[in-house]
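**Q** Build me a model from this:
(one chain, ligands or ions: 1)
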Amino acid sequence: MKRLFSGVQPSGNLTIGNYLGAIKQFVDLQHEAEAFYCVVDLHAITVPQDPAELRKRSREIAQLYLACGVDPSKATIFIQSHVKEHAELGWLLQCASYMGELGRMTQFKDKSEGKAAVNVGLYTYPVLMAADILLYDTTQVPVGDDQKQHIELTRDIAERFNKRYGDTFVIPDPQIQEFGARIMALDEPTKKMSKSAENEGSRIAILEDPAIFKKKIMRAVTDTENEIRFDEENKPGVSNLLTIYSMFAGESVESLVNRYQGKGYGDLKKDLVEVMTDKLGTIQKRFEELNDVTELDNILRAGSEKARATAEKTVNRVKEAMGLVLL
Ligand code: AQP
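**A** From the prediction side, this is the model:
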């Protein structure tokens, strides 16, 4: 049976990169398989967070899942720290992982670069991510392109464990879209759009006011030519805008390029703002309608109970395999 697991960190306001690369897939795939969608708060604390903000954002992400179309009657939605087996399996897997392989993770290198002190959690975070995935006998992990290396590590850890202790884990595959798996920053289109990037102008939040994202799109870096063409290597800015446009409008890049022949970047940007105002407006309206905290907490409570039932069985299987005493 196909089973999905994925998560988003409450480490900032979710961007259209998080939406197009991951959450949109969550919605499309929930009809095809049993799905577990998590708010990975234990990952967010690998960098300093304001406690009140973190608590608010964790609920906000669950609310956004719902606003974007994740259906709690189809998918299990929960907060990672509510299922203690994530931390528990994280530790067990740390004992089956190597310093060398963790040190090679590009995200760790990027996030620790230039920092005088780096906490251990940032270093071991990919092992916790492996635990998140492996707990649910996941077959597919819908993610953006930046998470590919972490899924490969998850596979390596699981395969090694199975070899050493016998068949314990299902080996998961990444589910990465062929198109739109890496939305780039608006100010520097050779870099990934990130919710925690320093420059606010680099990203657009799903819940952003249209007047603000209009300014960001109109200022988005393009190039000195005036030809609308898809060429990620030589025209990363224009290609990024075409990708975002195509994904929000559901129109192919080829068709957009044909439609904008002879037109300028300003025309493309203006129309993109309109398409986004429409699509994000629908999500934002739904988000406002879902602001009943009690109802949201009930969904999260039910989700964590359902998740725990599976997670507990996996942890017991792992403990048994490793030789820990089960009473
Ligand atoms: N720019 C992006 N394009 C496509 N997909 C993206 N994702 C993130 N950025 C893009 C995907 O969103 C999911 C959730 O990501 P995450 O919260 O777990 O952390 P991340 O990958 O590190 O994303 P951010 O936005 O860059 O967060 P920060 O700034 O906190 O590190 C993942 O599936 C990711 O691939």
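
**Q** can you tell me the residue of the stretch 201-327 of the chain closest to the ligand?
**A** The ligand sits closest to residue 203 of the stretch 201-327 of the chain, with a gap of 7.9 Å, by Cβ to the nearest ligand atom. (C-beta placed from N, C-alpha, C; glycine too.)

**Q** For the closest residue to residue 170 other than its chain neighbours, list the residues it contacts.
**A** In this structure, residue 170 finds its nearest non-sequential neighbour in residue 137, 4.4 Å apart by Cβ to Cβ, 6 or more residues apart in numbering. By Cβ atoms under 8 Å, 6 or more residues apart in numbering, residue 137 lies in contact with 3, 169, 170, 310, 314.

**Q** Return the residues of this protein in contact with the ligand.
**A** Contacts of the chain with the ligand, taken as Cβ under 6 Å from any ligand atom, map to 8-9, 11-12, 15, 17-18, 20-22, 143-144, 146-147, 181-183, 192-196.

**Q** Mark which of those residues are buried, thanks.
**A** Neighbour-count burial (16 or more other Cβ atoms under 10 Å) applied to the residues of the chain next to the ligand gives 8-9, 11-12, 15, 17-18, 20-22, 143-144, 146-147, 181-183, 192-195.

**Q** Tell me which of those residues fall in strands.
**A** residue 8 (DSSP state E).

**Q** quick revisit: turn the contacts of residue 137 into CSV, including neighbour count.
**A** Shown next, in CSV, are the contacts of residue 137 (neighbours: other Cβ atoms under 10 Å):
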residue, neighbour count
3, 17
169, 25
170, 15
310, 18
314, 20
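
**Q** Please identify which of these is nearest to residue 224.
**A** Comparing the contacts of residue 137 against residue 224 with Cβ to Cβ places residue 3 closest, at 48.6 Å.

**Q** my read: that closest one touches residue 32, true?
**A** No - checked against Cβ atoms under 8 Å, the pair residue 3 and residue 32 is beyond contact range at 10.5 Å.

**Q** ok so, going back, so how many other residues sit close to the residue of the stretch 201-327 of the chain closest to the ligand?
**A** A total of 26 residues lie near residue 203 under the criterion other Cβ atoms under 10 Å.

**Q** Number the chain from 7, please
**A** New numbering, starting at 7: the last item is residue 209.

**Q** show me what contacts residue 179?
**A** Residue 179 makes contact with 145, 146, 147, 157, according to Cβ under 8 Å, 6+ apart.

**Q** swap the cut-off to 10 Å and go again
**A** For residue 179, the contacting residues are 144, 145, 146, 147, 157, 161, by Cβ atoms under 10 Å, 6 or more residues apart in numbering.

**Q** returning to what we had before: could you pick out which of the contacts of residue 143 are located in helices?
**A** Secondary structure from DSSP state H places 316, 320 of the contacts of residue 143 in helices.

**Q** tell me the phi and psi of the residue nearest to residue 170 when sequence neighbours are not counted?
**A** Among residues not flanking residue 170 along the chain, residue 102 sits closest, at 7.3 Å (Cβ to Cβ, 6+ apart). Phi and psi for residue 102, reported as degrees, to the nearest 10, are phi -120, psi 20.

**Q** What distance do you get for residue 102 to the ligand?
**A** Here residue 102 is placed at a distance of 23 Å from the ligand (Cβ to the nearest ligand atom, to the nearest Å).

**Q** Tell me if I'm right that that residue and residue 324 touch.
**A** Yes - in this structure, residue 102 is within contact of residue 324 by Cβ atoms under 10 Å, at 9.5 Å.

**Q** who touches both of those two?
**A** 167, 171.

**Q** Counting neighbours, go ahead and name the busier of those two.
**A** Neighbour count, other Cβ under 10 Å: between residue 102 and residue 324, residue 324 has more, with 23 against 16.

**Q** how about the residue nearest to residue 112 when sequence neighbours are not counted, what does it touch?
**A** Closest residue in space to residue 112, ignoring its immediate chain neighbours: residue 155 at 6.0 Å, by Cβ to Cβ, 6+ apart. Neighbour list for residue 155: 110, 111, 112, 113, 114, 132, 180 [criterion: Cβ under 10 Å, 6+ apart].

**Q** go again using 8 Å as the cut-off
**A** The contact partners of residue 155, taken as Cβ under 8 Å, 6+ apart, are 111, 112, 113.

**Q** for residue 210, same thing?
**A** By Cβ under 8 Å, 6+ apart, the contact set of residue 210 is 21, 22, 192, 199, 219, 222, 223, 282.

**Q** So how do I select the buried members of those in ChimeraX?
**A** Listed next is the ChimeraX selection for buried residues among the contacts of residue 210, using 16+ other Cβ under 10 Å:
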select :21,22,192,199,219,222,223,282
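
**Q** got the contacts of residue 210 as TSV, with distance to residue 235 and pLDDT columns?
**A** Below are the contacts of residue 210 laid out as TSV (distance: Cβ to Cβ, whole Å; pLDDT from 0 to 100):
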residue	distance to residue 235	pLDDT
21	25	97
22	22	98
192	19	98
199	21	97
219	24	97
222	22	98
223	19	98
282	21	98
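
**Q** Check the contacts of residue 210 against residue 229 and report the nearest one.
**A** residue 192 (13.6 Å).
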